[in-house]
Each structure stands twice: as structure tokens, then as C-alpha cells.
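Colleague: dropping the sequence and predicted coords here.
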Amino acid sequence: MERQSFDCLFLLLLLLSPAHSQSESVGPDEARKLRDEVSEMFYHAFGGYVRHAFPLDELRPLTCSGEDSLGGYALTLIDSLDTLALLGDRERFTASIEWIADNLYFGINKTVSVFETTIRVLGGLLSAHLVASDYATGMRVPSYDGKLLKLSEDLALRLLPAFDTPTGIPFGSVNLLRGVDENESKITSTAGGGTLTLEFGVLSRLTGNPVFEQVTKNAVRGIWARRSRLNLVGAHINVFTGEWTQKDAGIGTSIDSFYEYLLKAYLLFGDEEYLFMFQQAYTSAMQYLYNDPWYVEVNMDSAAMVWPLFNSLQAFWPGLQVLAGDVDPAIRTHTAFFSVWKKYGFTPEGFNLATLNVQYGQKSYPLRPELIESTYWLYKATRDPRYLDVGRDIVASLQYGARCPCGYCHISDVESHKQEDRMESFFLAETVKYLWLLFDLAAGPDNLVENGSYKYIFNTEGHLFPATPQISLVQEHCSYFGAFCKSGRRHGSIASVSIDPQENNATKYHVNWNPSRFQNFQSGSTAQQSLSMSGLIKCPGLTHVQKFGISYMTATNNTHEDESSNQEQVASVVHRPSLVNILIPNVRQTPTDTEDDKSHPMLAQTNREDDPHLNEEHE
């Protein structure tokens, strides 16, 4: 499809969308009211979860009941921890941490998603640990003894068997007690295998155990080494053979956060290998996937369009572009994406750009945060009040379309606004968090993200990782010819972990170092192998490809080899990204409680009659 036709399509979408509100733009006073309204939205949903679903994983907000959806370990509570800290709710934050420290246990016979468990549970525990243990956050818990970090390490060790594959790319699921199931699928998504570096990297730097960071970096290398000659990656890959089982390349479903973590791993850890990969990946995405202002899916080998579709997960992209310093296309794309929201009141999972209709079978809106996330980042970068107006419209849609007796409901059909009895944990971890941050920023920020001592990187579940020296300055990097840098860490090693199926609370993990396993996967690379050395090493003047050895691997049967080999080498045009100045709110006073809520530790110190956050709508 020609770019001109996409421009016409964009204009047509704007004409079809409902007229923009004639009300005045949001000012500081209204921003404060909207911030407080979003806070009430959080407490309505969080209170509903604690009363009716806790300690199950998730709330069923229509029937005021609960369900286990991921692993059966109070998922929504874990996912809500740093939102409570962000809101300055010391009482509930402390009570939640204490309950988790006393009751959470991962030695269960459950098969879980490696990706979802990492971003939600491991990310939530690590973020809460970093907030609760540091005076600089303003939310330090005096009684906290580091138990969440120990739980994080225990969980990560149970996930490690998933990485025991010939490519280094992990299985999609793992049993927390027995390792990888015998019949586990060998097919995983690019996002599932390449969106683990932040959480595992932070854990390595907090515990001093490098294995967590190494296995996730090897997974990213395993994916990137198998990119096409156009520097595009597909959606699904076989973790044993490295063959792509779905070659559709895009920025949305099954791939989205792979791009996100390349940039964020560089921003948090300062590792230029991730920056190098991001520069090449981003340049190719903008060359082959971008049809201003939309993004399409193409064949990763030929760049032939296969799917003119906007899917809701693409909406994170403008926010990522802000972090990369590429704001102009982010503005145009965000406007296009928001026109879909205006048309329906929500963004459907899929919107067909050829028919200008909701894609069949993709009519739902499961309370996703991605458009809100990008709105926050664009307002942060531009201070343009139009993004506050966007936020106001989104709040109105959620309040009038998704609010239900005990929380907020999925919308099963954006055309009819039919509600579904489901509220995923990311509504509390991300959706309301980014809305609150947006309006608090406009009202005069009073939170630890904007005003605190650190810059923060958000993981793909919205959890806060501070760029502390312990995390970001663990090792120095060679950044220019002739530099000297220290190196005292082991490289190229992976731990194989066996878990005793008869384990008890005193589980013993048998970690066997095997340096020969999972080497860099490269074809004809001139890179030198990393050596275990200490002291000062003269850093040679190598190119990025020579230094990191990340060349693409030729496919066994590459039907597009001739045409793709003639493609021009893409030059890197991405500027060295700088971290937008992000930092959590000062403690706000919370109301007192009544006796009937004292049985719920996370609802302690709350008065239902006086506190608008916990108005019951269900008898």
C-alpha cells in the first residue's frame, strides 16, 4: 500500500471519529481533580479485589468473586505493590509486603508462563523490594528484612530450566516444581523470549549471581542472530531449531516488548550491546513497517505487506519513540491511534486499516494500558495540553463504560460496550498508574518518579526499576577507541539448575556451571570470545559487529535470499537515547478504617463511609 493512500486513510479516520470535545483543555485545577478521580478508580478496583478475590490471582468484577489465572499466588496484590507506593499509601503498601513475606511460596506444582511470571511477579517483587528497602524513595518500610528479594531469587531459579535449549531462547512455559514439562511446546513468541532482560538483570545485580543476566542476554542474542537480512524478526520461533514458524514482522502482538527491552536494557544497565541491536532494529522497523502514521506487518525476509492492521499492543510504540528521542513520528502515530479510541470509546484488539472496521474476532478491549502509557510519555516530552485532554477522554470511557460493581470490566465488544467478568492485574499495575502519573505531572508532580532521587525505567508491566549505582554502574563499558575498562566478571557461562521434586521449604538448588554451553550463535563472525579476566584490559577499536559478534544466521531454506541479499545495508540513524527525567509521590495521608475491615490487612486504616476510594457498589 502506497504511503499516499495511508495518509488519505488517516484523514478519513479522523473524519469518521466523534467530534473533539468543545470543552476547554485540562488545566492544573482540573488535572488535580482528574488525578484524584484516578486514585479513586484504583481503590475501587483494589478494594474489590481484596474483599472478594484475595488471595486468588484476579478479581471477577461483575460477580464480585475471584479466580486463579496465572499461578495461584495473589497475582493482583503483587502487581499492585508499586502503585500503592506511588500513591504514597504507606499503610497498605506495608501490610501487603508483610503478607507476601509471610505467605508467598513458589514451590507449587503449577506450569506458568515464563514471560507473564517474569514481568508481573518477578518485576512486581523486585520493584517493591527496591522501594521498601531504600530511604531515598520516601516509602521505606522499617520492618522490611529483604524477604521479597529472596522470593525473587527463588522464583527466578525455578524459571531457569526454561532456558535449557540449544538456541538459548527459553520455552514459553515451565513448571515451578518440576521444570519444563515433557510435552511443552518448542514454539515461543519473540516477545516471550526477548522480554526478560530487565527483571533478570536487576536480580543479578542485586544478588551478585550473574547467571540470571547471562541467560536472558543469551536469549536476546539467540533471537537477534536469527533476524533476516533486513534486520527484521518474526513473531514465533522454534527454540530448538531456531527456525521461524511465523515470519510476520511488526511492532505489535508477539513482538512488541522485544523492541522495548532492547532500548530499556541499555538505558538501565548502560550495556551498549543492547543499544547496537536497538539501533538496527528500530531503523529497519521505521523503514519497512512504518506507513506514516500507521504500522503494518510484513514478511521478515521480503518486506512484502501481509497484514494492514492496527492492533492495540502497537500503542506502546510512541512512548518508546519518546525514550529514543524520535518525537515527531510519535506524535503523528499517537494521533492516529487515538482516533480509533475516539471512534469506539475504546481501542479494539484489532482494527483493519483496509476496511476501516474492527477486525473480526478482535472486538474486545481488556483494559489495556499501552495508549495511556504513550500519552503520558508524550505529555512528559512536550507538555502539550492535548495529551491531558486525551487522558480525560480515556478516564470518561473507563468510568462510564468499564466500571462495574467491584472493579473494572473487560469490554468484550467495543461496538456494543458489552462488559465481561474479568479484570486482569495489569489494570492496577499499569492502566491507572499511567493515568495517575499523567495528571499528577500536570498538577505539579508530587511523586517519587518525578521528584525522587533516581531516574526510573518502567518494565513492560509498569513496574519501577530505579537507576541506582548498584543496578546501573556495576561494570564500566568500553565506549571509545583506546579506552581502558575494568573487567572482573565471568562471561559466557550458564547455570543448569535441577530442582528436587520432593522439595520442602528448605529446597536445595544444585547449580552446575558449564561455561561451554550456549555460546554466541553467529555465522562467520570475527568477534573475539569473551574471556574471564581481571584487572585493566585494553579495549580494541572494533566495530559493534566485531565486538559483539551478532551477525545474522543464514536460514536453511531461505527462499528470499536472492532478493534480500540485494537490500541496501541500513545505516543507523537513531541518536544515542537519553533517559527522560522520570522519578515517586511524597507520602499522602490515608483515611482511618473501621473495625469491619480489619480482617483484610490490605484494607486496614480505611473508613468506607469517609473514604471515596472504597465506596461499595455491591451488596
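Modeller: Right, received. Where do you want to start?
Colleague: which strands or helices does the helix of greatest length in the chain pack on?
Modeller: Using DSSP state H to define each element, the chain has its longest helix at helix 28-52. Packing contacts for helix 28-52, counted by 3 or more Cβ pairs under 8 Å, 6 or more residues apart in numbering; DSSP states H and E, involve strand 58-60, strand 65-67, helix 75-86, helix 386-397, strand 407-408, helix 432-443. Placement of C-beta: from N, CA and C, glycine included.
Colleague: buried set for that helix?
Modeller: Of the residues in helix 28-52, 30-31, 34-52 count as buried by neighbour count, 16 or more other Cβ atoms under 10 Å.
Colleague: Ser113 against Asn175, yeah?
Modeller: No: applying Cβ atoms under 8 Å as the test, Ser113 and Asn175 come out as separate, 11.6 Å apart.
Colleague: okay, those two: which has more neighbours?
Modeller: Asn175 (19 against 16; other Cβ atoms under 10 Å).
Colleague: do you know how far that one is from Asn183?
Modeller: 11 Å (Cβ to Cβ, to the nearest Å).
Colleague: and if you look at Leu122?
Modeller: Counting by Cβ to Cβ - Leu122 and Asn183 are separated by 25 Å.
Colleague: between these two, who's got more neighbours?
Modeller: The neighbour comparison of Leu122 against Asn183 (other Cβ under 10 Å) goes to Leu122, with 28 against 5.
Colleague: could I get the contacting residues of the more buried one?
Modeller: By Cβ atoms under 8 Å, 6 or more residues apart in numbering, the residues touching Leu122 are Ser152, Leu155, Ala156, Leu159, Glu199, Phe200, Leu203.
Colleague: show me what contacts the nearest residue to it once chain neighbours are set aside?
Modeller: Among residues not flanking Leu122 along the chain, Glu199 sits closest, at 4.6 Å (Cβ to Cβ, 6 or more residues apart in numbering). Glu199 makes contact with Thr118, Ile119, Leu122, Gly123, Leu126, Ala156, Asn459 under the criterion Cβ under 8 Å, 6+ apart.
Colleague: look at Glu199 and give its secondary structure.
Modeller: With DSSP: H, G, I helix; E, B strand; the rest coil as the basis, Glu199 sits in helix.
Colleague: from here on, call the first residue 38.
Modeller: Noted, 38 is the first residue going forward, which turns the last one into Glu236.
Colleague: from Phe464, how far off is it?
Modeller: For Glu236 relative to Phe464 (Cβ to Cβ), the value is 20 Å.
Colleague: on that earlier part again, show me the one of the helices and strands packed on helix 65-89 that comes nearest Ser509.
Modeller: helix 112-123 (18.3 Å; Cβ to Cβ).
Colleague: angle of that closest one against helix 65-89?
Modeller: 150 degrees (axes from the mean of the first three to the mean of the last three Cα atoms, to 10 degrees).
Colleague: now helix 112-123 against helix 469-480, angle please.
Modeller: With the same axes, to 10 degrees as the basis, helix 112-123 and helix 469-480 are set at 10 degrees to each other.
Colleague: alpha carbons only: can I get helix 112-123 in PDB?
Modeller: Extracted in PDB, the C-alpha atoms of helix 112-123 (Å, rounded to 0.1, in the frame of the first residue of the first chain):
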ATOM      1  CA  LEU A 112      -1.100 -12.000  41.400                       C
ATOM      2  CA  THR A 113      -3.100  -8.800  41.600                       C
ATOM      3  CA  LEU A 114      -1.700  -7.900  45.000                       C
ATOM      4  CA  ILE A 115       1.900  -8.400  43.800                       C
ATOM      5  CA  ASP A 116       1.200  -6.400  40.600                       C
ATOM      6  CA  SER A 117      -0.300  -3.600  42.700                       C
ATOM      7  CA  LEU A 118       2.600  -3.100  45.100                       C
ATOM      8  CA  ASP A 119       4.500  -0.300  43.500                       C
ATOM      9  CA  THR A 120       1.200   1.500  42.500                       C
ATOM     10  CA  LEU A 121       0.400   1.700  46.300                       C
ATOM     11  CA  ALA A 122       3.900   3.100  46.800                       C
ATOM     12  CA  LEU A 123       3.500   5.600  44.000                       C
END
